[in-house]
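Student: quick one, what's the 3D model for this:
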Amino acid sequence: MGKLSERLNDPARSGVYRATDASVVRSAAPRAAEVDLARPVFEAFASALSFPDWFGHNWDALEDCLTEKSGVLLLHNARQGDELALLVDVLAAVAEYWRDEGEPFFAVFVDPERRLALPDLFREA
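Tutor: So this is what the prediction gives:
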């Protein structure tokens, strides 16, 4: 298992990060769910993660559903703004929940231009 795979399996390191290359994360976490934020955020998550019918398409419901699914999320096409800030807050709360449960949860924004003010998932060359 490579260093990135080890990191993605370490609950203590759960959090919200960025990476410039999705393929590297996919290699380390082949079962990562991919969410395309070019779609409306709640629709994108519900579709990508097969949320239940009761999903309320709001921030609280998103957090509730994500606390039922640990793992790695690859988030594509994020756009700066208030909605992104809210999404990052929700994802950070979910990561904290899973860290306390002893399960890994990583939300990784694919950010080739490094525009998002998030920590890097790993040191890239």
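Student: tell me the bridge partners for the residue most central in space within the chain.
Tutor: Centroid-nearest residue in the chain: residue 107, 1.8 Å away (criterion: CA atoms, centre = their mean). The partner list for residue 107 in beta bridges (DSSP bridges) reads residue 16, residue 73.
Student: quick one: low-confidence residue ranges for the chain.
Tutor: Within the chain, the set of residues satisfying pLDDT under 70 comprises 1, 125.
Student: which parts of it are helices?
Tutor: Along the chain, counting by DSSP state H, helices occupy 3-8, 22-28, 41-49, 59-66, 82-101.
Student: tell me, how many residues neighbour residue 73?
Tutor: Neighbour count of residue 73, defined by other CB atoms under 10 Å: 23. For every residue, glycine as well, the C-beta is placed using N, CA and C.
Student: can you lay out the helices of the chain as a markdown table showing distance to residue 123 and mean neighbour count?
Tutor: As requested, those are arranged in a markdown table below (distance: least, CB to CB, whole Å; neighbours: other CB atoms under 10 Å):
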| stretch | distance to residue 123 | mean neighbour count |
| --- | --- | --- |
| helix 3-8 | 10 | 15 |
| helix 22-28 | 11 | 16 |
| helix 41-49 | 28 | 18 |
| helix 59-66 | 27 | 17 |
| helix 82-101 | 20 | 16 |
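Student: residue 10 versus residue 58, what's the distance?
Tutor: From residue 58 over to residue 10 the distance is 31 Å, taken as CB to CB, to the nearest Å.
Student: same question, residue 101
Tutor: Residue 101 is 14 Å from residue 10, by CB to CB.
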